[in-house]
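K.L.:
I need the structure of the sequence given here:
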Amino acid sequence: MTFGTWLHTKLHGEHVGEDAYGNVYYKSKRVRSGGREERWVIYKGEAEASKVPPEWHGWLHHTVNAPLETPKQTWIKPHQANMTGTDKAYLPPGHDQRGGERAKATGDYQAWTPES
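P.N.:
Numbers count the residues shown, from 1 in each chain. Below you'll find the model as predicted:
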């Protein structure tokens, strides 16, 4: 967090809540000229928008007036950061960085030709 963000939060922010990832949510103490309050998040760790869970996303974007309580489903996986551009990025089979070797065709493919 920068000094400016910290100062703005201390002077103008009102603490609203915290999510399971440790991100802290604030709203402005005053209503802005457009009739809506300003809302923001202070991320725990690296600032990455995908770390905002759905129940807080709606609140941040003024879709709902209060963060929603969503039931935790057993099939929901924990958040993973976007690994694009890192050594842990997903590379499909045949990608140049995985050797560039694709699996051989199984014989169920017929190439299209204009005369057929």
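
K.L.:
which element is residue 39 on?
P.N.:
strand 37-42 (DSSP states H and E).

K.L.:
just the CA coordinates of that strand, formatted as PDB?
P.N.:
Taking C-alpha atoms only, strand 37-42 is exported to PDB below (Å, rounded to 0.1, in the frame of the first residue of the first chain):
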ATOM      1  CA  GLU A  37     -20.100   6.500  -1.700                       C
ATOM      2  CA  GLU A  38     -16.700   5.600  -2.800                       C
ATOM      3  CA  ARG A  39     -15.800   1.900  -2.100                       C
ATOM      4  CA  TRP A  40     -12.300   0.300  -2.200                       C
ATOM      5  CA  VAL A  41     -10.300  -2.700  -1.000                       C
ATOM      6  CA  ILE A  42      -6.900  -2.900   0.600                       C
END
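
K.L.:
how far out from the middle of the chain is it?
P.N.:
With CA atoms, centre = their mean, to the nearest Å as the basis, strand 37-42 stands 16 Å off its chain's centre.

K.L.:
how about the helices in the protein?
P.N.:
3-12, 54-60 (DSSP state H).

K.L.:
Dump those to TSV, plus mean neighbour count, mean pLDDT and distance to residue 66.
P.N.:
Bear in mind the C-beta positions are built from the backbone N, C-alpha and C, glycine included. Formatted as TSV, those follow (neighbours: other CB atoms under 10 Å; pLDDT from 0 to 100; distance: least, CB to CB, whole Å):
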stretch	mean neighbour count	mean pLDDT	distance to residue 66
helix 3-12	11	90	20
helix 54-60	17	90	7
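
K.L.:
Can you lay out those helices as a markdown table showing distance to residue 47?
P.N.:
Putting the helices of the chain into a markdown table (distance: least, CB to CB, whole Å) gives the following:
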| stretch | distance to residue 47 |
| --- | --- |
| helix 3-12 | 10 |
| helix 54-60 | 13 |
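
K.L.:
Would you tell me which of the ones you listed gets closest to residue 111?
P.N.:
Of all the helices of the chain, helix 54-60 sits nearest to residue 111, with 44.1 Å by CB to CB.

K.L.:
pLDDT of stretch 25-39, averaged?
P.N.:
Here stretch 25-39 scores 88 as its mean pLDDT.
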